[in-house]
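K.L.:
Pasting a predicted model and its sequence here:
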Amino acid sequence: MAKDILGLYQTLGNIVQSARKHISEVHPRISIGYHKVTMTIRDCVTNIDDNNFVNFLINPNKETNLDSLDLKLLKVLSINAREKLTLISKQLQTTPEIIRYRIKRLLKDKIILGFYTRTNKHRSGLSTYMLLLNLAEPPNQKDKYFFANQDNVYHVKECIGDWNLIVHFSSGSNSKLISTLDKIRGHFSGKLNKFTLLILLERHYFAPLPKNIPFGP
């Protein structure tokens, strides 16, 4: 995440510098909108990981002035969104009523878009994939409706770069994988220039809020 193009180049430079011996190509993509985000697994669920993690999404399309208390509250919620208001207020040295009001305002202003439970899909007997699509034209409402009705697609976002649509989905079998790819390619028939499929193995780092956000002392 970067606030401007300078921040983008600095981040890319740091990543490339730290792993330059292992990088052959770099393809940055700029996210410009989410079309589907869900952590609900409706396909082939056998066992949900007991170590559930609740988090939130930040609206990328609206800039709002946040004070130090808002930022500290977001940091606390990013660690555990189910924390009791009394404990949050004690940690932030304020009252539960103020914390309750701030959370409601952050939800109303769409700074917080929602709360969800992170699950380990691999432990649920699922494999996860990321499909990169290069479309001849931007996705429309019909495309968004299509993805909303796919039971194993859990994250879709539009971006700028070599690929202008990224689709995350899960599958419990090879037949489900092939049928999902066939559905997506069939839906975009006529405007799909190229695509590539990545198999997601393991997440090594996850930060709901970037470290460069000033949370105050």
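P.N.:
That came in fine, so what should we check first? Residues are numbered from 1 along each chain as shown.

K.L.:
Return the per-residue confidence for T64.
P.N.:
According to the model's per-residue confidence, T64 sits at a pLDDT of 68.

K.L.:
Ok, the one 4 residues further on next?
P.N.:
Reading off the per-residue confidence, S68 sits at a pLDDT of 89.

K.L.:
phi, psi of it?
P.N.:
phi -60, psi -30 (degrees, to the nearest 10).

K.L.:
Kindly report the same for the one 5 residues further on.
P.N.:
Taking degrees, to the nearest 10, you get phi -60, psi -40 for the backbone angles of L73.

K.L.:
List the residues that contact the residue lying closest to it once chain neighbours are set aside.
P.N.:
The shortest distance from L73 to any residue that is not its chain neighbour, by C-beta to C-beta, 6 or more residues apart in numbering, is 5.6 Å, and that residue is R102. No exception for glycine: its C-beta is placed from N, CA and C like everyone else's. R102 is in contact with L69, D70, L73, counting by C-beta atoms under 8 Å, 6 or more residues apart in numbering.

K.L.:
you'd agree S78 is up against L209?
P.N.:
Yes - using C-beta atoms under 8 Å, S78 makes contact with L209 at a distance of 5.0 Å.

K.L.:
any shared contact partners between these two?
P.N.:
Common neighbours of S78 and L209, counting by C-beta under 8 Å, 6+ apart, are absent.

K.L.:
ok, so what distance separates K90 from V156?
P.N.:
K90 sits 40 Å away from V156, going by C-beta to C-beta, to the nearest Å.

K.L.:
pLDDT of stretch 157-169, averaged?
P.N.:
pLDDT averaged over stretch 157-169 equals 91, rounded to a whole number.

K.L.:
ok but T196 is inside a strand, no?
P.N.:
Yes - read with DSSP: H, G, I helix; E, B strand; the rest coil, T196 is one of the residues of a strand.

K.L.:
Offset the numbering so it begins at 12, please.
P.N.:
Yep, numbering from 12; the last one is T207 now.

K.L.:
which residues does it contact?
P.N.:
With the criterion set at C-beta under 8 Å, 6+ apart, T207 makes contact with L142, L143, W174.
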